[in-house]
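Engineer: I'd like to go over a predicted model; first the sequence, then the structure.
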Amino acid sequence: MKNKHLWKLLLPIGLCAVEFMIMACYLYPKAQSGELLSVRHASENLSGILGQSVVTFLFTATLLILFALHLKKDFARQMYLRLEGKWQRITAGTLLLGILVLTGYCLIVKEDKVSILFSLLYYSVFVAFAEEFLCRDACTWFLRDFDWPVRYLIPNVCFALLHVFSAVGWQQVTGAALFRFAASDLLGYAIGGCLLQLFKEKSGTLWLPVLLHTLMDYSVVLTY
């Protein structure tokens, strides 16, 4: 029994470790060599940025397929992929409207329309859905029998650690950079992740955190 519980604790960490290694071995070297493509300038190399994004999404897609095959008819319920309840649908509609209004505004006032539209795809699918499914869905599924401190802390501390490269602007990760991240960013990301997980559990659906996450990250297009 103890070994079974240990594996349930280690599996979420292992999943996030795989995602971390994808960034460390694929994206980080590209950043250091100047080959990392920016979503901000997606129109300059649309096929390249799409390919780069798809590569980083493959692990999440694989997990999605494996969970679907394992859970079968119970997949949507256990993975919180249903959207039920009046207030949940109203909230989803409100968040979606906010995303659409933001998109419409930027398409009017910004010159690079292609980068705006690709950013919508990028931040909704390759960032928001990927991170929510991995950290707040797949990881928490293995921890569903644990008390809330374990169920919240493990996936969301891992979620925070996954942001170490972006927090340093994809520059060289030095000891000083890691110290600044640990001192200023780590706690914020972990708390934010816990709030998104609470939102998922209280609403009974992953789609509300995904939409909120999308809106928060996608708002960067205002600076394009």
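Structural biologist: That came through, no problem.
Engineer: can you tell me which residue sits nearest the middle of this protein?
Structural biologist: residue 131 (2.0 Å; CA atoms, centre = their mean).
Engineer: ok, residues contacting whichever strand or helix holds that one?
Structural biologist: Following DSSP states H and E, one finds residue 131 within helix 130-133. For helix 130-133, the external contacting residues (CB atoms under 8 Å, 6 or more residues apart in numbering) are 56-57, 60, 63-64, 79, 159, 162, 196, 200, 206, 209-210, 213. Every residue, glycine included, has its C-beta placed from N, CA and C.
Engineer: next: stretch 213-224.
Structural biologist: With CB under 8 Å, 6+ apart as the test, stretch 213-224 has contacts from 40, 95, 98-99, 102-103, 106, 110, 112, 115-116, 119-120, 123-124, 127-128, 131-132, 196.
Engineer: quick one on the thing from earlier: now the two most distant members of the contacts of helix 130-133.
Structural biologist: Greatest spatial distance in the contacts of helix 130-133: 56 and 200, 22.3 Å, computed using CB to CB.
Engineer: pLDDT below threshold where in this protein?
Structural biologist: Low-confidence segments of the chain (pLDDT under 70): 1-4.
Engineer: please repeat the previous calculation with a cut-off of 50.
Structural biologist: Along the chain, the parts satisfying pLDDT under 50 run over 1.
Engineer: would you put the C-alpha positions of stretch 33-41 in CSV?
Structural biologist: Output of stretch 33-41 as CSV, limited to C-alpha atoms (Å, rounded to 0.1, in the frame of the first residue of the first chain):
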residue,chain,number,x,y,z
SER,A,33,21.6,29.8,-30.2
GLY,A,34,19.1,32.5,-31.3
GLU,A,35,16.9,30.0,-33.1
LEU,A,36,13.9,30.2,-30.7
LEU,A,37,10.9,31.6,-32.7
SER,A,38,8.8,34.2,-30.9
VAL,A,39,5.0,34.1,-31.1
ARG,A,40,5.1,37.9,-31.1
HIS,A,41,6.6,37.8,-34.6
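Engineer: and it, what's buried?
Structural biologist: By neighbour count on 16 or more other CB atoms under 10 Å, the buried set for stretch 33-41 is 36, 37, 39, 40.
Engineer: what does stretch 110-123 give?
Structural biologist: Applying 16+ other CB under 10 Å to stretch 110-123 flags 112, 115, 116, 117, 118, 119, 120, 122, 123 as buried.
Engineer: can you check stretch 78-86 too?
Structural biologist: Buried, per 16+ other CB under 10 Å, within stretch 78-86: 79, 80, 81, 83.
Engineer: ok, and for the longest helix anywhere in the chain, which residues are buried?
Structural biologist: In the chain, with assignment by DSSP state H, the single longest helix is helix 46-71. Under the neighbour-count criterion of 16+ other CB under 10 Å, helix 46-71 has 49, 50, 52, 53, 56, 57, 59, 60, 63, 64, 67 buried.
Engineer: tabulate the buried residues of stretch 110-123 (a markdown table), appending distance to residue 20 and secondary structure.
Structural biologist: Shown next, in a markdown table, are the buried residues of stretch 110-123 (distance: CB to CB, whole Å; DSSP: H, G, I helix; E, B strand; the rest coil):
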| residue | distance to residue 20 | secondary structure |
| --- | --- | --- |
| 112 | 31 | coil |
| 115 | 27 | helix |
| 116 | 30 | helix |
| 117 | 29 | helix |
| 118 | 25 | helix |
| 119 | 24 | helix |
| 120 | 26 | helix |
| 122 | 20 | helix |
| 123 | 20 | helix |
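Engineer: in three-state terms, label residue 199 for me.
Structural biologist: Assigned with DSSP: H, G, I helix; E, B strand; the rest coil, residue 199 falls in the helix class.
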